[in-house]
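Participant: Model the following, please.
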Amino acid sequence: MKIRSTSGMLSGLLEMVARAVSARSPIQLLSAILFEADEDANLLTMKATDMEISVSLTADTPVEQGGRVAIPAKPLLQYAKSLPEGEAELETDESGRGATLSSGGSSVYLNCYAPDDFPTLPVFPESSGGEEADSDAPEAAAFSVDAAAFSEAASKVLQFASKDEGRPVLTGVLVAFSEGSATLAATDSYRLGLNRQKLDGAVEGTPTAILPARALKEAVRLASLAGEDGRIEVAVTENQAMFRAGEAGLTLATRLIDGNYPEYGRLLPHGFEETFSVKRDDLLTAIGRARIVAGKQTPPPPLKLAFSHEEGTLGGGEVAISLAADTGAATEVLSADVPEGKTFDICFNPHYLAEAVSSISDDTVALRLNEPLKPAVLRPAAELAAEATNGSAGADPEGSPHGYLHLIMPMRDQSQNGS
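Facilitator: Okay, here's the model as predicted:
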């Protein structure tokens, strides 16, 4: 095999594919990238997998001699990135057991693996314009979606997936596609991010899958490489999901997490006694200052929000933010939209609340509350106002056209129990 490229292009392609390379597997071949060069078509295909996710990419590249080889990814990528911009050449020796990357006066020789032992990767279904699929391939629901809309929906909820491998279902993100929308949910049992995003385009059936959070992060990266039409292709089977973007056919495949995702709809309140609004950036800054005092105290001390608006006073009310920790205490008062005569105190994990507020993209955050120890819901205030205008206000975006919410469990107010 012998191909020509530029050092910049080669390192860029390697970076995209190497994200699927296994860093810990005892199987050495999974630390390699498979190169397949087609001399007739002048195409180079690169593939990598860690057996959970896989990435393949096809690029137009001058191919002087076709062939296949599996090259260790880490040293190849590091060397390619170290080269100055210029022409580069990648060539295997006659035995096929080694490859040389050269550019200018620099070159490196790397021992390679037998390409025939490399795992067979999933092929994007033919119905979505991909390569001809195997006749034994599992039946797939295949469709295309707007890349930017999908990326936005996924990015809002990803951080709320659990890190606890003891509950594998919660380490994933539930993704449910339907005609005109995608609903994504992630929870670690203490908070829930739920986003229903409008997606134009036809969807076959109502495919639902639990994607590993890592795989969904890679799908968001892939979405940024969408072609001129701004769309990515999606295919969902019983045990895997695939995403493809760009004319080069950058394809990501992932195994799905097996299991039943929690019925999050049962956690969502059907109504709220109170709704208060606060400027997002002001609230986030105040929480950040309080977190300085909280430090790394475990468990974290509760952050108290005390909403109030005295009767007969001008203005829209206020929220007093306070936190008492082993190292000291912090207090701050912000303006808030609170109905006249109302008071309400509630406490949260300061770190969880900061992440919840950060996930709201609106200028103003609406906090929807019932009792101090009942789940609270944060919504973009503008989104909530639009729903009220349309007569469809509610906690669950499923009950309205589209929307985002964050549900968070409160903490007990320690100042009231003497602790």
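Participant: Need the CA coordinates for stretch 231-245. CSV is fine.
Facilitator: Provided in CSV are the C-alpha atoms of stretch 231-245 (Å, rounded to 0.1, in the frame of the first residue of the first chain):
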residue,chain,number,x,y,z
ARG,A,231,-28.0,16.9,7.9
ILE,A,232,-26.8,13.7,9.4
GLU,A,233,-28.1,10.2,8.7
VAL,A,234,-29.3,8.0,11.5
ALA,A,235,-30.0,4.2,11.6
VAL,A,236,-31.3,2.3,14.6
THR,A,237,-31.5,-1.5,14.9
GLU,A,238,-32.3,-3.7,17.8
ASN,A,239,-28.8,-3.6,19.3
GLN,A,240,-26.9,-0.7,17.6
ALA,A,241,-27.2,2.8,16.3
MET,A,242,-25.3,4.4,13.5
PHE,A,243,-24.7,8.1,12.5
ARG,A,244,-23.2,9.3,9.2
ALA,A,245,-22.2,12.8,8.1
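Participant: In that stretch, which residues are buried?
Facilitator: For stretch 231-245, a neighbour-count test (16 or more other C-beta atoms under 10 Å) marks 231-237, 240-245 as buried. No exception for glycine: its C-beta is placed from N, CA and C like everyone else's.
Participant: before we move on, what about stretch 268-285?
Facilitator: 268-269, 272, 274-280, 282-284.
Participant: In the protein, where is pLDDT below threshold?
Facilitator: 126-138, 201-202, 247-248, 312, 314, 391-401, 416-419 (pLDDT under 70).
Participant: Show me the helices in it, by range?
Facilitator: 7-18, 73-82, 147-157, 213-223, 280-294, 350-358, 381-389 (DSSP state H).
Participant: who does the third one touch, helix- and strand-wise?
Facilitator: Going back to what we said before, that points to helix 147-157. Contact partners of helix 147-157 among helices and strands, from 3 or more C-beta pairs under 8 Å, 6 or more residues apart in numbering; DSSP states H and E: strand 172-178, strand 181-187, strand 191-198, helix 213-223, strand 231-236.
Participant: Dump these into a markdown table; add distance to D164 as well.
Facilitator: Shown next, in a markdown table, are the helices and strands packed on helix 147-157 (distance: least, C-beta to C-beta, whole Å):
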| stretch | distance to D164 |
| --- | --- |
| strand 172-178 | 12 |
| strand 181-187 | 11 |
| strand 191-198 | 14 |
| helix 213-223 | 12 |
| strand 231-236 | 25 |
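Participant: Quick one: closest of these to L407.
Facilitator: strand 191-198 (4.2 Å; C-beta to C-beta).
Participant: who's in contact with V69?
Facilitator: Neighbour list for V69: M1, L34, F35, T92, G96, A99, C112, P115 [criterion: C-beta atoms under 8 Å, 6 or more residues apart in numbering].
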